[in-house]
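A.B. asks: Predicted model, plus sequence, below.
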Amino acid sequence: MRPRQLALSALNTLEDSLQFPNRYLEQAFRQASHLNERDRAFTIHLVQGVLRWRLRLDWIIQQTVRFPFKKIRYPVLNILRLALYQVLFMNRVPESAAVNEAVKQVKIIESNHVARFVNGILRNICREKQQIRFPDKERDSVHFLSVFHSYPVWLVEKWIKEMGIDSAESMLAAGNRIPSLVLRTNTMKIDRKNLMRRLESEGVRGKTASFSPEGITVEGLRCPIDQLNAFREGLFQVQSESAQICSHLLLPKSGERILDVCAGLGGKSTHMAQCMNNRGEILGLDTNRYRLLRLAKSARRLGMNCVYAVAADAGRPPFRMSGRLFDRILIDAPCSALGTISRHPDIKWVRNEQDIRRLSLLQKKILRRAAPLLRNGGRMLYVTCTTSPEENDEVIAEFLEKNRKMALIDLRNHVPEWGLPLIDDHGFFRTFPHIHGMDGFFGALLARDG
């Protein structure tokens, strides 16, 4: 399957089943061994670009057609979106190539009449692209921001309410930037300076991350990251900078017993093992067998044998762990992930306000069930990758109100000096894409006093 056709199939899966396109592409790339790295990168760029700018693309199409927009069948609409993204955002793709390939795609699934329609629409937009008009910002700022930055209205309104219109617009713009790839140095095997030298010897340029002491922001990557010798030797792990900082907030020590309640692929589990010099015990819980296998595989590659993958659901009773209590617990809670839109633009279209309410209830359940597993004097870190107060401050406030033996630790008195700019006036870890240049995260450190 050619790149444009593969991109179209990935976008159609989102319409059909709300399956995340990235997961679809991972599976498709494993089967499409004929695709070279350039083709794969082009495919990903197309899918991510359309998802990032979908609402703006739809607005432009809607201004051009002379019949109700909803009458365009979504496979045809995705073909139009793909072509229009190339025309408006990819200068290296000739307009004629984008249009001609779109027409070819339509002919596979529709009649010549529809193909002529697609050809006419796209060529008309190509001629008029410098005269595109957007909603009036002064008369209806929400509508303008929604269309111009390509976000659903509910999310624009939410961010304006939470942070004001100027900050909200900066947040919207930041979410549309293509993010950098960030690595975490495995300091059990190499220091950051020498890792950067190793990467450079393999043709990969990097610079130190803004905050994380192990972080490297990668530039000039020309092959899959897992093909690098430095990766195979376990010298680093791919992990966003915000996520790297979480382990420094909980600060596990050698010999301790740690519970990672929602371990996922194990980025934070393996980082905590690194902080503990691989001495102690970390139980990484998750409900998904694939993620647990990935966690175990990463731990082996990185040389960390104190991490154990455990199949369990922290959101459903009974949730018990045998024997001893834990010295520290990390709750990387399931959340709306609104702070990671730059890396996962599909979140704009698969999340809604009901999700936030549903997830906040789940977060409270997980906190409630994890707390009894913490020993007296132990520490528990609650983390999300969202900026939503309903999933952050409000969850912690309700938990503390109902759990008098738990206390909030002011992170301003706890983090290294390099982390102080990331702690707010309430002692919470809080990052924003438009302010800190990294994913939007929230963290609250709690202690059991008795």
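C.D. replies: Everything's here; your move. Numbering: from 1, shown residues only.
A.B. asks: Give the residue spans of the stretch 301-450 of the chain that score low on pLDDT.
C.D. replies: For the stretch 301-450 of the chain, the stretches with pLDDT under 70 are 315-323, 450.
A.B. asks: mind redoing it with 50?
C.D. replies: Counting by pLDDT under 50, the stretch 301-450 of the chain shows low-confidence ranges at 318.
A.B. asks: Would you map the helices across it?
C.D. replies: Per DSSP state H, counting those that start in this stretch, the stretch 301-450 of the chain carries helices over the ranges 347-350, 353-370, 393-402, 433-436.
A.B. asks: and what of the stretch 151-300 of the chain?
C.D. replies: With DSSP H, counting those that start in this stretch as the criterion, the stretch 151-300 of the chain has helices at 153-163, 165-175, 192-201, 229-232, 241-250, 267-275, 289-302.
A.B. asks: quick one on the thing from earlier: closest one to Asn278 among the helices of the stretch 301-450 of the chain?
C.D. replies: Ranking these by proximity to Asn278 (C-beta to C-beta) places helix 353-370 first, at 24.1 Å. In short, each C-beta sits where N, CA and C put it, glycine included.
A.B. asks: what's the burial count for Lys161?
C.D. replies: 11 (other C-beta atoms under 10 Å).
A.B. asks: Longest strand of the protein, counting residues only.
C.D. replies: strand 374-384 (DSSP state E).
A.B. asks: Convert the C-alpha atoms of that one to PDB, please.
C.D. replies: Only the C-alpha atoms of strand 374-384 are listed here, as PDB (Å, rounded to 0.1, in the frame of the first residue of the first chain):
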ATOM      1  CA  LEU A 374       1.000   2.900  51.500                       C
ATOM      2  CA  ARG A 375       3.000   2.400  54.700                       C
ATOM      3  CA  ASN A 376       3.000   5.100  57.500                       C
ATOM      4  CA  GLY A 377       5.500   7.700  56.400                       C
ATOM      5  CA  GLY A 378       5.300   6.700  52.800                       C
ATOM      6  CA  ARG A 379       4.900   9.000  49.800                       C
ATOM      7  CA  MET A 380       2.300   8.800  47.000                       C
ATOM      8  CA  LEU A 381       2.500  10.800  43.800                       C
ATOM      9  CA  TYR A 382      -0.600  11.500  41.800                       C
ATOM     10  CA  VAL A 383       0.100  12.500  38.100                       C
ATOM     11  CA  THR A 384      -1.900  13.300  35.000                       C
END
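A.B. asks: quick one: contacts of stretch 73-93?
C.D. replies: Applying C-beta atoms under 8 Å, 6 or more residues apart in numbering, the contact partners of stretch 73-93 are 4, 7-8, 11-12, 15, 45-46, 49-50, 53-54, 57-58, 60-61, 72, 95, 97-99, 101-102, 105-106, 109-110, 114, 118, 121-122, 125-126, 129.
A.B. asks: and if you look at stretch 118-133?
C.D. replies: 60-61, 63-65, 76, 79-80, 83-84, 87-88, 95, 98-99, 102-103, 106.
A.B. asks: other SSEs contacting the longest strand of the chain?
C.D. replies: helix 241-250, strand 326-332, helix 353-370, helix 393-402, strand 442-448 (3 or more C-beta pairs under 8 Å, 6 or more residues apart in numbering; DSSP states H and E).
A.B. asks: What is the burial count for the closest residue to Val218 other than its chain neighbours?
C.D. replies: Closest residue to Val218 apart from its sequence neighbours, by C-beta to C-beta, 6 or more residues apart in numbering: Leu181 at 4.4 Å. Leu181 has 15 neighbouring residues, counting by other C-beta under 10 Å.
A.B. asks: Might one say that Leu181 is in contact with Gly220?
C.D. replies: No. At 10.3 Å, Leu181 does not count as touching Gly220 under the criterion of C-beta atoms under 8 Å.
A.B. asks: Does anything pack onto the longest helix anywhere in the chain? Which helices or strands?
C.D. replies: Scanning the chain for the helix with the most residues, using DSSP state H, yields helix 37-64. Where contact means 3+ C-beta pairs under 8 Å, 6+ apart, helix 37-64 is packed against helix 3-17, helix 21-31, helix 74-89, helix 112-128, helix 141-149, helix 347-350.
A.B. asks: Let's see that with 6 Å instead.
C.D. replies: Counting contacts by 3 or more C-beta pairs under 6 Å, 6 or more residues apart in numbering; DSSP states H and E, helix 37-64 is packed against helix 3-17, helix 74-89, helix 112-128.
A.B. asks: From Glu162, how far off is His149?
C.D. replies: According to C-beta to C-beta, to the nearest Å, His149 and Glu162 sit 16 Å apart.
A.B. asks: typo on my end, it should be Arg177
C.D. replies: Separation of Arg177 from Glu162 (C-beta to C-beta): 20 Å.
A.B. asks: Show me the shaky parts of the stretch 151-300 of the chain.
C.D. replies: Judged by pLDDT under 50, no stretch of the stretch 151-300 of the chain qualifies at all.
A.B. asks: Distance to Asn376 for the helices and strands packed on helix 37-64 - can I get that in CSV?
C.D. replies: Listed next are those as CSV, based on distance: least, C-beta to C-beta, whole Å:
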stretch, distance to Asn376
helix 3-17, 47
helix 74-89, 56
helix 112-128, 66
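A.B. asks: which of these sits most buried?
C.D. replies: helix 74-89 (a mean of 23; mean count of other C-beta atoms under 10 Å).
A.B. asks: related to what we said a few turns ago, out of the helices and strands packed on helix 37-64, nearest to Leu408?
C.D. replies: Of all those, helix 3-17 comes closest under C-beta to C-beta, at 39.1 Å.
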